[in-house]
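Visitor: any chance you can model this:
(2 chains)
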Amino acid sequence: MGSNGIRDRVAIVGMGCTAFGEHWGRSVANMLVESTNAAAQSAGIDLPDIDAFWLGTQGSGVSGLTLSRTLRIADKPVTRVENFCATGSEALRQACYAVASGAYDVAMAVGVEKLKDSGYSGLVGTAVPDDGTVGMNDMTAPAAFSLLAPAYAERYGVDQDQLKDVLARIAWKNHVNGARNERAQFRKEVPIERIKAAPPVAGMLGVFDCSGVSDGSAAAIVVRAEDAHRYTDKPIFVKALSFVAGAATGTSDPDYDFTTFPEVVASAQDAYRQAGVTDPRTQIAMAEVHDCFTPTELVLMEDLGFSERGQAWKDVQAGAFDLNGELPVNPDGGLKAFGHPIGASGLRMMFEAWLQLRGEAPAERRIDSLAEGRRLALTHNLGGAPGECVSFVSLVGAEPGA
Amino acid sequence: MGGLIAYGAYVPHRRLRRAEIAAVLGGPAAPGTRAVAGHDEDSTSLGVEAGRTALRGLPQGHAPRRLFFASSAPAYTDKTNATAVHAALRLDRSAPAADMCGAIRSGLDAVTAAVDSPVPALAVLSDLRGGLPGGADERDGGDAAAALLFSGSGDEASTAPVIAELLGQGWATAEFLDRWRPQGDISSRIWEERFGEQAYVPLAEAAFAQALKKADLTPDAVDHLIVAGAHGRAVRAAAARTGVPREAWADDLTRAIGNPGTAQFGVVLCDVLDRAGAGETIAVLLLADGASSLVFRTTEALGERRSSPAVAEQIAGGDDSLPYATFLTWRGLLDREPPRRPDPEPPYAPPMYRSTDWKYAFVAGRCASCGTRHLPPADVCRACRHTGEMEPEPMADVPATIATFTVDHLAYSLSPPVISAVVDFDGGGRLRCELTDTDPGAVRIGDRVEMSFRRTQTARGVHNYFWKARPARRVPGQG
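Guide: This is a model prediction of the structure:
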């Protein structure tokens, strides 16, 4: 038994990503058509040439028909995938394994979500009939994630004002990056003082500590690594895919202290093992991480091994994760600047890795770390809440064997 | 002969200063405060809290085997409310649970039914009283509950020590129109005050005389006189006609908590029992659609079985900062713009049916193999992965500590913001739950909390009952 990974056995040879935003005038079908056709075009194939599809969406459609009906694809397997906020990454993971197994030659992973049709800001959950005692339903997402902030401050002796500065800097950095991205929902830089003065949402979190709410879609085409160059000159190779669902004990076990996501630690270690990464802070060129709320990104820096325990707040303040920093985090602007259309986010993260590793990111947000010899990009996608979550970590690189 | 073996009252945490009403609506400012049920409380939840206080520390084997629930403000009609109280107090399935709801005098009828029961019987009296804004009933009403456990008499009576014997009862029933409320109305109507007074006083005299005669007592032998009823003028006149010396008249608590209708005489009786010595006589006289009287004598056992927290402690611990607009909102009299969020989902009947012990009685699970506590009970132990049904682990009276918390401005509530906390229980176990009876600025990590039965929300006409944590109030070491 073991998680062996499929290092360098499959490659991504085409990707597409819509602009993310409040697409009042565009439907789920419109966005699926755009993202899948853009991906096919970049791989130089037609959609009917694809052998199997995985569609990630949390609530913008059910069954494979949501995609096959839209694209008028006949007689192909289409699987609809849902795994909380990691849905898009989960679709990619399934497509990669299907190709690695030899079952299919060409697979597509596509994620889509339309949050803005509900009429509400924020995510609208799908209700499972319950007995009215399930605490999860009583707590909003910002409230659940806001629990990280006082716990982190308490454990590491960071005072509230310092922590507020750190969290504001994370939001500021992601908005700086998003301002340089034509696909982002929010394309303006936001001054630190404005971030700190925003109306409260939950605990220490203000409006600017929360990711936006948007619509969007992204897609990737996966083939066997040895076939990759038939489709593109610059494929990116999958080095690791790890996904874990926690035992959800943090909300019932007093030993959990809300300063970490154990599920993230487990999935990161698994991914690093698959890819042969021993020192993520120095080996990884960039990371797209699940910055649903600013304290999440702070804690992730430690859980992913980018910072020592209790040190991430200092690394954030020192600019280590800035666009021109040692290890750029969320160079595309992250959930903060893109919003979080659930099914699409994981693939949107991968799209940034695709652009950066291929040298296609526009000059104003191109990262320097690749030039310094770092070769790997990481994407991290999280679903659930502190204490009970699912976590996905991938590593990709432009060169096989690297 | 049997008698009272346990008692307890519940006064909700919030108070409305009567001057606050005048400050908003104009008019003369009345003195004092009235007790106000939280936005997450109703007559069922208040009754559960009073019942818990009464039964806490009761020796094994003396649990009530009948339950009578009285209120003029039942949460449901058609559906029995006493069954939720029964579930929350974890009474045996064989114990009947009956509603005696509607009339203000139902409280006394519930006590009489409990007194007459052959088996130990609990009377739970619970009420929320009010009326339209600016009215006397809003100002002088109150919200509170009381629970009185009687031993039963006969072969199946409880053998627990009696703390107050019932010496006599008197009744004077009459049909006349003094106070009434058509079904569905939120405010009561009353006939001319002088008519009610003249109708009530002779009835009160007759009932009181009958009870004293049965008890073989004269009025000057009464140590504590409790006269209750919604007709203030008649109550005062009737008290004067009892012949009981004025210094023996018990404070009816109206100034501090208002008149909680069905529960009024019960709460005042609890307050008297909190202070009374052994061998003292307590006479209750209720003016409600006739008059009824009960005469008790306390025993030596009372000193050992006083309830905690005492009524006076609950009154002293109240928070009187409630704004009138918030009071009106909680009562549904000020229609506020709802948040831009999806409507809350109601709980579903079959899942509730499957988890009655957890949902109503807060019974968690203990792993049958390694003893780890689980809130709620789970199929598989998180510590040892043992699979199978867990042992029941009652948690309602286990104190806890706030591990972390947050103030949620987004969550749907009649009283935002919601304070959510992760609480760790003494002896193990953790729960993520809502904090109540406090304010966002007052909460700190490490604060001690205790659990309280609440109506968390109402969606599509379904009241959702569950437990919340509130700042620790009960005296450490008791319960």
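Visitor: most centrally placed residue in chain B?
Guide: Residue closest to the average C-alpha location in chain B (C-alpha atoms, centre = their mean): residue B:145, at 2.2 Å.
Visitor: how about that one, secondary structure?
Guide: Secondary structure state of residue B:145, per DSSP: H, G, I helix; E, B strand; the rest coil, is strand.
Visitor: dump the residue contacts of it.
Guide: Residue B:145 makes contact with B:9-10, B:43, B:46-47, B:49-50, B:124-127, B:260, B:263, B:266-267, according to C-beta atoms under 8 Å, 6 or more residues apart in numbering or on different chains. C-beta: built from backbone N, CA, C; applies to glycine.
Visitor: again, but for residue A:45
Guide: A:14, A:106, A:221, A:231.
Visitor: next: residue A:214.
Guide: By C-beta under 8 Å, 6+ apart, the residues touching residue A:214 are A:20, A:21, A:22, A:23, A:115, A:116, A:185, A:338, A:339, A:340, A:341.
Visitor: then residue A:217?
Guide: Counting by C-beta under 8 Å, 6+ apart, residue A:217 touches A:17-18, A:28, A:31-32, A:34-35, A:110-113, A:341, A:343-344.
Visitor: which parts of chain A are strands?
Guide: With strands called from DSSP state E, chain A shows them at A:10-17, A:52-56, A:78-81, A:106-114, A:200-202, A:205-206, A:215-224, A:236-245, A:284-288, A:376-385, A:388-397.
Visitor: which of the three states applies to the residue lying closest to residue B:361 once chain neighbours are set aside?
Guide: Nearest residue to residue B:361 in three dimensions, chain neighbours excluded: residue B:90, at 4.4 Å (C-beta to C-beta, 6 or more residues apart in numbering or on different chains). Classification of residue B:90 using three-state DSSP returns coil.
Visitor: so is whichever strand or helix holds residue B:392 next to chain A?
Guide: Secondary structure assignment for residue B:392, by DSSP states H and E: strand B:391-394. No: using C-beta under 8 Å from any C-beta of the partner chain, strand B:391-394 stays clear of chain A, coming no nearer than 12.8 Å.
Visitor: got the contact list for the next helix or strand after that strand?
Guide: Per DSSP H and E, the first helix or strand lying C-terminal to strand B:391-394 is strand B:400-408. Applying C-beta under 8 Å, 6+ apart, the contact partners of strand B:400-408 are A:139-140, A:142-144, A:146-147, A:150-151, A:200, A:202-203, A:254, A:257-258, B:417-426, B:430-431, B:435, B:440, B:443-451, B:469.
Visitor: run the last query once more with 6 Å
Guide: The contact list for strand B:400-408 (C-beta atoms under 6 Å, 6 or more residues apart in numbering or on different chains) reads A:140, A:143, A:146-147, A:150-151, A:202-203, A:258, B:417-425, B:440, B:443, B:445, B:447-449.
Visitor: then stretch B:168-175?
Guide: By C-beta under 6 Å, 6+ apart, the surrounding residues in contact with stretch B:168-175 are B:203, B:206-207, B:210-211, B:214-215, B:290-295.
Visitor: next, the buried residues of it.
Guide: Of the residues in stretch B:168-175, B:168, B:169, B:170, B:172 count as buried by neighbour count, 16 or more other C-beta atoms under 10 Å in any protein chain shown.
Visitor: tell me the buried residues within the contacts of strand B:400-408.
Guide: Buried, going by 16+ other C-beta under 10 Å: A:140, A:143, A:146-147, A:150-151, A:202-203, A:258, B:417-425, B:440, B:443, B:447, B:449, out of the contacts of strand B:400-408.
Visitor: nearest to chain B within chain A, name that residue for me.
Guide: Distance from chain B to each residue of chain A (C-beta to the nearest C-beta) is smallest for residue A:132, at 2.9 Å.
Visitor: tally of neighbours for residue 272?
Guide: If you meant another chain, say so; for now it's chain A. If you count neighbours by other C-beta atoms under 10 Å in any protein chain shown, residue A:272 ends up with 24.
Visitor: ah, no, chain B please
Guide: 23.
Visitor: pLDDT of the helix or strand it falls within, averaged?
Guide: Residue B:272 is part of helix B:264-275, with elements assigned from DSSP H and E. When pLDDT is averaged over helix B:264-275, the result is 98.
Visitor: show me what counts as buried in it.
Guide: Buried residues in helix B:264-275, counted by 16+ other C-beta under 10 Å: B:264, B:265, B:266, B:267, B:268, B:269, B:270, B:271, B:272, B:273, B:274.
Visitor: helix or strand right after it?
Guide: Next element after helix B:264-275 (DSSP H and E): strand B:281-287.
Visitor: show the pLDDT at the residue of chain A positioned farthest from its centre.
Guide: Distance from the centre of chain A peaks at residue A:131, with 32.7 Å (C-alpha atoms, centre = their mean). Residue A:131 carries a pLDDT value of 93.
Visitor: tell me how the chain divides into domains.
Guide: No chain was given, so I picked chain A. With domains defined by automatic domain parsing, chain A comprises A:10-115+A:215-233, A:141-209+A:237-397.
Visitor: not quite, I wanted chain B
Guide: According to automatic domain parsing, the ranges for chain B are B:3-181+B:189-330, B:349-471.
Visitor: nearest to residue A:282, out of the ones you listed?
Guide: Minimum separation from residue A:282 across these (C-beta to C-beta) falls at domain B:349-471, 33.5 Å.
Visitor: how far does that closest one sit from the chain's center?
Guide: Distance, stretch centre to chain centre, for domain B:349-471: 21 Å (C-alpha atoms, centre = their mean, to the nearest Å).
Visitor: average pLDDT for it, rounded please.
Guide: Mean pLDDT, domain B:349-471: 95.
Visitor: distance of residue B:229 from chain A?
Guide: In this view, residue B:229 and chain A are 38 Å apart by C-beta to the nearest C-beta, to the nearest Å.
Visitor: which residues does that residue contact?
Guide: B:235, B:286, B:287, B:288.
Visitor: just the contacts of residue B:145: which are in helices?
Guide: B:43, B:46, B:47, B:49, B:50, B:266, B:267 (DSSP state H).
Visitor: count the residues that sit near residue 181.
Guide: Going with chain A. Applying other C-beta under 10 Å, we find 24 residues neighbouring residue A:181.
Visitor: I was after chain B.
Guide: Counted with other C-beta under 10 Å, residues neighbouring residue B:181 total 17.
Visitor: what's it in contact with, if anything?
Guide: residue B:188.
Visitor: quick one: the helices in chain A?
Guide: Using DSSP H, helices in chain A cover A:28-43, A:65-71, A:87-100, A:135-138, A:141-146, A:148-156, A:160-178, A:192-196, A:262-275, A:280-283, A:294-303, A:312-318, A:334-338, A:342-357.
Visitor: gap between residue A:243 and residue A:109?
Guide: Distance of residue A:243 to residue A:109, given as C-beta to C-beta, to the nearest Å: 13 Å.
Visitor: between those two, which has more neighbouring residues?
Guide: Using other C-beta under 10 Å as the criterion, residue A:243 and residue A:109 rank with residue A:109 on top: 32 against 21.
Visitor: wait, the more buried one sits on residue A:94?
Guide: No: counting by C-beta atoms under 6 Å, residue A:109 sits too far from residue A:94 to count as a contact (7.1 Å).
Visitor: and for the two, which residues touch both?
Guide: Counting by C-beta under 6 Å, 6+ apart, the contacts common to residue A:109 and residue A:94 are residue A:54.
Visitor: list, one by one, the residues from the stretch 201-350 of chain A near chain B.
Guide: Contact residues, the stretch 201-350 of chain A versus chain B (C-beta under 6 Å from any C-beta of the partner chain): A:201, A:202, A:203, A:249, A:251, A:252, A:254, A:258.
Visitor: quick one: end-to-end distance for stretch A:197-210.
Guide: End-to-end distance for stretch A:197-210: 14 Å, by C-alpha to C-alpha, to the nearest Å.
Visitor: for stretch A:245-260, same thing?
Guide: End-to-end span of stretch A:245-260 (C-alpha to C-alpha): 15 Å.
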